[in-house]
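# Any chance you can model this:
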Amino acid sequence: MKYIALLRGINVGGHKKILMANLKALFVSLGFENVQTYIQSGNVVFDAVSNEDLEHKIHEALKKEYGWEIPVFVRQASDLKSILDRCPFDGEKKEKCYFALLQQSPLVVDIRDAASYRFPNDEFVITPECVYTFYGGGQGKTKMPGNFFEKKLKVAVTARNFRTLSKLIELAEAK
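Predicted coordinates:
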């Protein structure tokens, strides 16, 4: 089965540096097949035959190899394609959208609380598995910092832009 792993917080600002060749080798050592990395931000496309707890398995291997706590998000490629296809934004907004993937579904009360916030030029839609965000003034000028949804929804979050998510799905579908 095709999976995509998204590691949060590696190779950002010179912190928690992991070479993609080493990351690929780690995934191969875990018994995964057709392993392919994409850009330096911790994106891995791979095949796994077991439906074991892949997030835990990868997290523990990274912790053992590097000594860091690295949140790991693993989704079937088909699930990420569905998230991409359900994006509530159209056209240019969709192509400039960020997809904040949630490690687990937040509580309804936390979704309601987070949804009550409004930011000039920014739009977002919260679902149980993803927060779709559009930064009208650009991500660098938003008043909605990257960890805003993580704090408000009380779940781990990692974000990828439309281009990266689309490419990962393309790579998974090509194998």
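
# for the helix or strand harbouring residue 73, which positions count as buried?
Using DSSP states H and E, residue 73 maps to strand 72-76. In terms of neighbour count (16 or more other CB atoms under 10 Å), strand 72-76 has its buried residues at 72, 73, 74, 75, 76. Backbone N, C-alpha and C define where each C-beta goes, glycine included.

# cool, stretch 18-30 as well?
18, 20, 23, 24, 26, 27.

# Save those as CSV, and put in distance to residue 49, secondary structure and pLDDT too.
Below are the buried residues of stretch 18-30 laid out as CSV (distance: CB to CB, whole Å; DSSP: H, G, I helix; E, B strand; the rest coil; pLDDT from 0 to 100):
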residue, distance to residue 49, secondary structure, pLDDT
18, 25, coil, 88
20, 23, helix, 89
23, 20, helix, 93
24, 18, helix, 95
26, 18, helix, 96
27, 14, helix, 96
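
# So which of these is the closest to residue 91?
The shortest approach to residue 91 among the buried residues of stretch 18-30 belongs to residue 20, at 32.1 Å (CB to CB).

# if I look at the nearest residue to that closest one once chain neighbours are set aside, how far off is residue 95?
Nearest residue to residue 20, sequence neighbours excluded (CB to CB, 6 or more residues apart in numbering): residue 37, at 4.0 Å. According to CB to CB, to the nearest Å, residue 37 and residue 95 sit 23 Å apart.

# Same drill for the two, tell me which one is more crowded.
More crowded of residue 37 and residue 95, by other CB atoms under 10 Å: residue 37, with 21 against 14.

# a helix runs through the more buried one, doesn't it?
No: counting by DSSP: H, G, I helix; E, B strand; the rest coil, residue 37 is not found in a helix; it is strand.

# Please tell me how far residue 147 sits from residue 141.
Here the criterion is CB to CB. By it, residue 147 lies 17 Å from residue 141.

# give me the beta-bridge partners of the nearest residue to residue 75 once chain neighbours are set aside?
Distances taken as CB to CB, 6+ apart place residue 4 nearest to residue 75, at 5.7 Å, with adjacent residues excluded. Beta bridges link residue 4 to residue 45, residue 75, judged by DSSP bridges.
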